[in-house]
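[1] sequence and predicted structure, then a few things I'm wondering about:
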Amino acid sequence: MRILYIDIDSQRPDHLGCYGYHRNTSPAIDQIAKEGVVFDRCYTPDAPCLPSRTAFYSGRFGIQTGVVGHGGTAAQPKIEGSQRGFRDNFDEHGLARQLQHLNYHTAMISPFGQRHAAWHFYAGFNEIHNTGQGGAESAEVVQPVVSKWMADNASKDNWYLHINYWDPHTPYRVPLNIENQFENEPLPEWLSDEVIEANNQKVGPHCAHEIDMYTGNGHPAYPRHPGKATDRESVRQVIDGYDMGVRYVDDQIACIVEDLKAAGVYDDTMIVISADHGENLGEWGLYGEHGTADDITCRVPLIIKYPGGAKGIRNSQFHYNIDFAPTVMELLGGKIQAIWDGESYAPAITEGLDMGRDEVTISQCCHVCQRSVRWGKWLYTRTYHDGFHLFPQEMLHDLEADPHEQNDLALDHPELCREGQWRLSRWHDAQMQKMALTGNDVVDPLWTVIREGGPFHASLTHGQPGVEGFETYMQYLEATGRQAGADALREKYTPIINQIKN
């Protein structure tokens, strides 16, 4: 059998037609969805890019691998120490290596390993095509490599191919000669004038006035990606830029489908469409970023067309992206690794069973330090470092009534916050117990991030913006009418700054 894994960076499920989006962003993906299973509640346990893809191929939570950050110690795997053999855990126990054991030729078209110096990402791959622009490449750079690979290999058997597309990732960069087919289509209904105005008052990197992270300057090389989203016109530019990226990738997927059909192997190819994380497009006041441990950032699409498997089925249960590794091994008759944290959902693919987990725990330590637990209709979020957004320590959202997370119910439901904290503590205890038995240390990398000055993209010490950059940002807040936010951030972080200076 052939396995094609299409990894669309920053792809939100709810901006695809098969997940109910009102714009025609994904006709090719939607057709594949009709021929397979659509998973409604799949999550990355660790966001964003580097932690998520590390978790995916290792089959393990970031708390176990140590990779939860974008810089500092927590951007690198934990040292295995004396327990390390001739090969490390990523190669010996990773998904790609297990496929090799089953005589699969493993191939990858992605620059990701170089983008984040994540060399463990390439472990177990026979063939690697680095498209060379570190994630800045658009589909017109990626697709010729894909087309050649398909021409050379599609008709062969027993291959696994991972393809990265980047166009929905910031900055939105679909070429200017591609027409914006969404310019006359309505924005998502929830993005009302009241929401846009409320977002204008929020503070922190990637908010309405500072989509560039700490400024609103924009970049002339990316005219589709504005520096600010402070009114309906600029918000439309953000949404259209993102949706154009989604459609641009979908057009490439249509070409791949034709390549597989031309080779006579489409029906015999397992096709998986997913992402590393989602994208905040106004939720929590953030635009064009994936920097929180919320449902918008951590929920990913998962669409699987399996030869001879279930068709036209939706799975409503909870899953992690790390569940893919044991699932593939069960489907292929391979060995499920004891070190993995994932659980197989193979019967959901072969028989259409609505099976899955009761809850999921999701984490973010690159832009903020947060952990959340998702169960039933609830999302409980605990913030350990707010990334200069002034998030409260606890938040609670009813995602059935409020899928875009506009109403924090924590003060109204302290009993549910206690339940959420209990669920988080239960998960954390299990992880620490496993670490004590199988790891080389008993360190939760979230606290490593805190100890090293906070998340890399909101750090006063070893990342962005630093002490001087923090004060420059405070001045920018004042200049954009957010004096109260600047005052609150100074009050909160001045003691830390004084400790750094002394």
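    Structure received. Just so it is clear, the model here is predicted, and its values are computed rather than measured.
[2] can you give me the helices in the stretch 151-300 of the chain?
    Remark: helices assigned in the stretch 151-300 of the chain by DSSP state H, counting those that start in this stretch are 193-200, 232-262, 295-298.
[3] does residue 205 touch residue 458 like I think?
    Yes - the pair formed by residue 205 and residue 458 meets the contact definition of C-beta atoms under 8 Å, at 6.4 Å. For glycine as for every other residue, the C-beta is placed from the backbone atoms N, C-alpha and C.
[4] strands of the stretch 301-450 of the chain, residue ranges please.
    Assigned by DSSP state E, counting those that start in this stretch, the strands in the stretch 301-450 of the chain fall at 313-320, 359-364, 369-375, 378-385, 394-398.
[5] now do the residue nearest in space to the middle of the chain, the pLDDT please.
    Using C-alpha atoms, centre = their mean, the residue of the chain that lies closest to the mean C-alpha position is residue 277, 1.5 Å off. With respect to pLDDT, residue 277 scores 98.
[6] need the contact list for it.
    Residues near residue 277 by C-beta atoms under 8 Å, 6 or more residues apart in numbering: 10, 44, 47-49, 52, 290, 297-298, 300.
[7] same question for residue 405.
    The neighbourhood of residue 405, defined by C-beta under 8 Å, 6+ apart, consists of 283-284, 294-296, 379, 397, 399.
[8] one more: residue 407?
    Shown here is residue 407, whose contacts under the criterion C-beta under 8 Å, 6+ apart are 397-398, 401.
[9] what subset of the residues you listed is buried?
    Members of the contacts of residue 407 that pass the buried threshold by neighbour count (16 or more other C-beta atoms under 10 Å) are listed as 397-398.
[10] how close does residue 412 sit to residue 112?
    Residue 412 is 42 Å from residue 112, where distance means C-beta to C-beta, to the nearest Å.
[11] and those two? which has more neighbours close in?
    residue 112 (23 against 12; other C-beta atoms under 10 Å).
[12] my guess is the more buried one meets residue 121, correct?
    Yes - between residue 112 and residue 121 a contact is recorded at 5.7 Å, counting by C-beta under 8 Å.
[13] overlap in contacts of those two?
    Among the neighbours of residue 112, those also in contact with residue 121 (C-beta under 8 Å, 6+ apart) are residue 53.
[14] hmm, back to that, please enumerate the shared neighbours of residue 205 and residue 458.
    Taking C-beta under 8 Å, 6+ apart as the contact rule, the neighbours common to residue 205 and residue 458 are 367, 387-388.
[15] show me which of these is closest to residue 217.
    Residue 217 lies nearest to residue 388 out of these, by C-beta to C-beta, at 18.2 Å.
[16] so who does the residue nearest to that closest one when sequence neighbours are not counted touch?
    In space, residue 388 comes closest to residue 204 once its chain neighbours are excluded; the distance is 4.7 Å by C-beta to C-beta, 6 or more residues apart in numbering. With contacts defined as C-beta under 8 Å, 6+ apart, residue 204 is in contact with 285-286, 386-390, 458.
[17] ditto for residue 283
    Listed by C-beta under 8 Å, 6+ apart, the contact set of residue 283 reads 294, 296, 404-406.
[18] how about residue 231?
    Shown in contact with residue 231 (C-beta under 8 Å, 6+ apart): residue 196.
[19] for residue 364, same thing?
    For residue 364, the contacting residues are 46-48, 291-293, 297-298, 370-371, 455, taking C-beta under 8 Å, 6+ apart as the criterion.
[20] by neighbours, which of the residues you listed wins?
    Comparing the contacts of residue 364 on neighbour count, residue 46 comes out first with 35 neighbours (neighbours: other C-beta under 10 Å).
[21] what separation is there between the closest residue to that residue other than its chain neighbours and residue 48?
    For residue 46, the nearest residue in space outside its immediate sequence neighbours is residue 62; the separation is 3.6 Å by C-beta to C-beta, 6+ apart. Distance, residue 62 to residue 48, using C-beta to C-beta: 11 Å.
[22] per-residue confidence at residue 431?
    98.
[23] pull out the buried positions in stretch 102-122.
    Burial within stretch 102-122, assessed by neighbour count using 16+ other C-beta under 10 Å, is assigned to 104-116, 118, 120-122.
[24] just the ones of these in helices?
    Judged by DSSP state H, helices contain the following of the buried residues of stretch 102-122: 112-115.
[25] low-confidence ranges, this structure, go.
    For the chain, applying pLDDT under 70 flags no range at all.
[26] residues in contact with residue 25?
    15-17, 243, 246-247, 250.
[27] between those residues, which is nearest residue 237?
    Proximity of those to residue 237 (C-beta to C-beta) peaks at residue 243, which lies at 11.0 Å.
[28] the closest one and residue 32, how far apart?
    Computed with C-beta to C-beta, the distance linking residue 243 and residue 32 is 19 Å.
[29] between these two, tell me which one has more neighbours.
    Neighbours around residue 243 and residue 32, counted as other C-beta under 10 Å, are more numerous at residue 243. The numbers are 26 against 22.
[30] okay, now the residue nearest to residue 46: neighbour count?
    Here the neighbour count serves as a burial measure; for residue 62 (other C-beta under 10 Å) it reads 30.
[31] wait, it touches residue 54, no?
    Yes - the criterion here is C-beta under 8 Å, and residue 62 meets it with residue 54 at 6.9 Å.
[32] need the overlap of contacts for the two.
    Taking C-beta under 8 Å, 6+ apart as the contact rule, residue 62 and residue 54 both touch residue 46.
[33] what number of residues lie near the residue lying closest to residue 350 once chain neighbours are set aside?
    Spatial nearest neighbour of residue 350, chain neighbours left out: residue 309 (5.1 Å); criterion: C-beta to C-beta, 6+ apart. The burial metric for residue 309, expressed as a neighbour count using other C-beta under 10 Å, is 19.
[34] show me what contacts residue 309?
    Applying C-beta under 8 Å, 6+ apart, the residues contacting residue 309 are 36-37, 349-350, 352.
[35] so which of those belong to helices?
    In this view, the contacts of residue 309 that belong to helices under DSSP H are 349-350.
[36] of the contacts of residue 309, buried ones?
    In these, burial by neighbour count holds for 36-37, 349, 352, counting by 16+ other C-beta under 10 Å.
[37] turn those residues into JSON lines, columns for distance to residue 234.
    Converted to JSON lines, the buried ones among the contacts of residue 309 look like this (distance: C-beta to C-beta, whole Å):
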{"residue": "36", "distance to residue 234": "37"}
{"residue": "37", "distance to residue 234": "38"}
{"residue": "349", "distance to residue 234": "42"}
{"residue": "352", "distance to residue 234": "44"}
